[in-house]
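> Just need the structure, nothing else, for what follows:
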Amino acid sequence: MGIILVLMSKIHYTKEEAREFLRKEALSEICSVSDFNKFHDQVFCVFAKYGLQLEAKKEEFFSGEEWRKPECRDALIEKVKQFLDKHIK
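Numbers count the residues shown, from 1 in each chain. Purely as a prediction, here's the structure:
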């Protein structure tokens, strides 16, 4: 375990690299949901994991009919990307 910690401590990320990593991780978790009935919950949970649920609430992110329509999944993923770009700093 000590070797892993030493190796990990040698890795330095710029702020932008860390931001991009978090964004990709969040999107990966969200896009992995195949059942649209669980999509909304997964997006909310990922936002909560990164402390973004209050920002989502302020922006009324989850209000809208598109959250009830499976055919809007791609548009919702794009909306999520834009939200993460704006709020992961």
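
> Longest helix of the chain, counting residues only.
helix 15-31 (DSSP state H).

> Following element in sequence after that one, please.
Later in the chain than helix 15-31, the nearest helix or strand by DSSP states H and E is helix 39-49.

> angle of that next one against helix 15-31?
150 degrees (axes from the mean of the first three to the mean of the last three CA atoms, to 10 degrees).

> Show me what helix 39-49 is in contact with.
26, 29-30, 33, 53, 55-56, 61-62, 67, 73, 76, 80, 83 (CB atoms under 8 Å, 6 or more residues apart in numbering). For every residue, glycine as well, the C-beta is placed using N, CA and C.

> Quick one: those residues as CSV, columns for pLDDT and neighbour count too.
Converted to CSV, the contacts of helix 39-49 look like this (pLDDT from 0 to 100; neighbours: other CB atoms under 10 Å):
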residue, pLDDT, neighbour count
26, 94, 21
29, 95, 14
30, 96, 19
33, 92, 16
53, 93, 16
55, 95, 14
56, 96, 18
61, 97, 19
62, 96, 15
67, 96, 15
73, 96, 14
76, 97, 21
80, 96, 21
83, 96, 18
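
> If anything else comes up later, I'll come back, but that's it for now.
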